[in-house]
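# Structure for the following, please:
(one chain, ligands or ions: 2)
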Amino acid sequence: MKVSFLGAGAIGSMFAALLKHYAPDLDVLVVVRGAHGQAISESGEIRTLGPWGTRSVPIAWSFDPADVAGSDFVFVTVKSQGTAEALQQAGDAIGDAVVVSIQNGINDQAYANHVAPERLVMGMTTTNMAVREPGTVSMQLDGCTLFGPPIGLNSIAAAEKVVELLNRIHVPGLEFLPHSNILGIRYNKLTINALGYASCLSASNFMTEALFHRPWRRVVGRAIVDECKRVYSAVGIQIARIPGRSDLSRLENLMLALELPILDKVVQLGLRGKFERSPIVFSLYQDLERGKPTEVEHINGQVVRLAESAGIHAPVNREIVSMTHELEQQAAATFYARQDVIDRISKLTAS
Ligand SMILES: NC(=O)C1=CN([C@@H]2O[C@H](COP(=O)(O)OP(=O)(O)OC[C@H]3O[C@@H](n4cnc5c(N)ncnc54)[C@H](OP(=O)(O)O)[C@@H]3O)[C@@H](O)[C@H]2O)C=CC1
Ligand SMILES: CC(C)(CO)C(=O)C(=O)O
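Ligands and ions are numbered 1, 2, ... in the order given. I've put the predicted structure just below:
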């Protein structure tokens, strides 16, 4: 069986390497580019860091998307904005493969011209991976990865096949599950990302320097979550609960607990050390650090577009989009001060 990963950066390289390690009988191909791709092509392996330590996994690689030809499964792990281009480059080589998105953001339109809905599986992962240096990927956070049908289809048959495949990976804390309301799951995660991306604007640790910081939490954090929920309600999107810790309602409970005087101290004491040692490294932060275009249009920008479709406004998410684009125009690794972010959002919410 051939399994390809189209656009193997942090997520694609890690899942490909784990799959090849635990299921060596599979033909696993990574389609790569850039410095990371160059390093993999020179060593013929992906170096992985995680709770298992350091492990190098020999892997088949290609710089040509058309080399996915003959695949049974093609995982698409490019950033949302690169989806249409990657599918176009792979073209007819995708053949009858089941195409599986493991991406953030709502990018279904990009698939519509390339993949029949019955062969398309939409995924959402709560794990956190990063390219540490070219050729090396790390897992910061384990968690579940859920799969379900694209918008307009009800069958989870193809998603179940994907789960069966990925269940060959045996890493404690990594779980693969089918879900019939994957759109509700994706919007749950999109909201967490919309919030997290705001913390990236000031390169703040999402937990210890953003959520734990009362002014940021009250002015920026609460405003983003409330605005997202208002927009979903206006367009009829039903959020589905994400199993495990990375769920919006759990995050909101944490925000509430941080408002209570004694509980606030207990929670911070319990979590501060863990998140200082092992911060969540958002993919948007990784992009800003490297001076790459970000996915903000598919996350906060999606909330803005949904709001427009319902004839309402989403000024807070719009501002996060604008500020991200401002940083994209600057030299790599330019960030705002946290107070600048608070001030810009508070100007909107005060008016
Ligand atoms: N990293 C994480 O922890 C998480 C990421 N996600 C989501 O998963 C998706 C993938 O993210 P991530 O792995 O971090 O992103 P990366 O940027 O690390 O990986 C994407 C890779 O695809 C390459 N690429 C883009 N277009 C093509 C193409 N046409 N042909 C070949 N290669 C291509 C990119 O190259 P280049 O760099 O040159 O553009 C890059 O190496 C995103 O939607 C992200 O939001 C979701 C949860 C967690
Ligand atoms: C929330 C997080 C870090 C992983 O689940 C993510 O989605 C991202 O890096 O964009």
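# Can you tell me how far Phe5 is from ligand 2?
17 Å (Cβ to the nearest ligand atom, to the nearest Å). Glycine gets a C-beta too; all of them are placed from N, C-alpha and C.
# try Asn188
As for Asn188, its distance to ligand 2 is 11 Å (criterion: Cβ to the nearest ligand atom).
# quick one: that residue from Tyr197, how far?
15 Å (Cβ to Cβ, to the nearest Å).
# next one: Val231
In terms of Cβ to Cβ, Val231 sits 16 Å off from Tyr197.
# if you go through the stretch 151-300 of the chain in chain order, where are the strands?
Counting by DSSP state E, counting those that start in this stretch, the segments of the stretch 151-300 of the chain that form strands are 174-178.
# Residue of this structure nearest ligand 1, please.
In the chain, the residue that lies nearest ligand 1 is Gly9 (1.8 Å; Cβ to the nearest ligand atom).
# Enumerate the residues of the stretch 251-351 of the chain near ligand 1.
Residues of the stretch 251-351 of the chain found near ligand 1 (Cβ under 6 Å from any ligand atom) are 283, 295.
# which bits of the stretch 251-351 of the chain sit near ligand 2?
Residues of the stretch 251-351 of the chain found near ligand 2 (Cβ under 6 Å from any ligand atom) are 280, 282-283.
# So which residues of the stretch 201-350 of the chain form helices?
For the stretch 201-350 of the chain, the helices defined by DSSP state H, counting those that start in this stretch cover 214-215, 222-235, 248-257, 261-277, 283-290, 300-309, 315-329, 338-350.
# Show me what the fifth one packs onto, helices and strands only.
Read that as helix 283-290. Applying 3 or more Cβ pairs under 8 Å, 6 or more residues apart in numbering; DSSP states H and E, we find helix 283-290 packed against helix 182-200, helix 315-329.
# Setting aside sequence neighbours, what's the nearest residue to Asp72?
The shortest distance from Asp72 to any non-neighbouring residue, by Cβ to Cβ, 6 or more residues apart in numbering, is to Met1 (5.0 Å).
# Spit out the contact partners of the one you found.
Residues near Met1 by Cβ atoms under 8 Å, 6 or more residues apart in numbering: 25-27, 72-73.
# picking up where we left off before, now mean neighbour count and mean pLDDT too, for the helices of the stretch 201-350 of the chain, in CSV please.
Listed next are the helices of the stretch 201-350 of the chain as CSV, based on neighbours: other Cβ atoms under 10 Å; pLDDT from 0 to 100:
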stretch, mean neighbour count, mean pLDDT
helix 214-215, 12, 96
helix 222-235, 19, 98
helix 248-257, 15, 96
helix 261-277, 12, 91
helix 283-290, 20, 95
helix 300-309, 21, 98
helix 315-329, 19, 98
helix 338-350, 16, 95
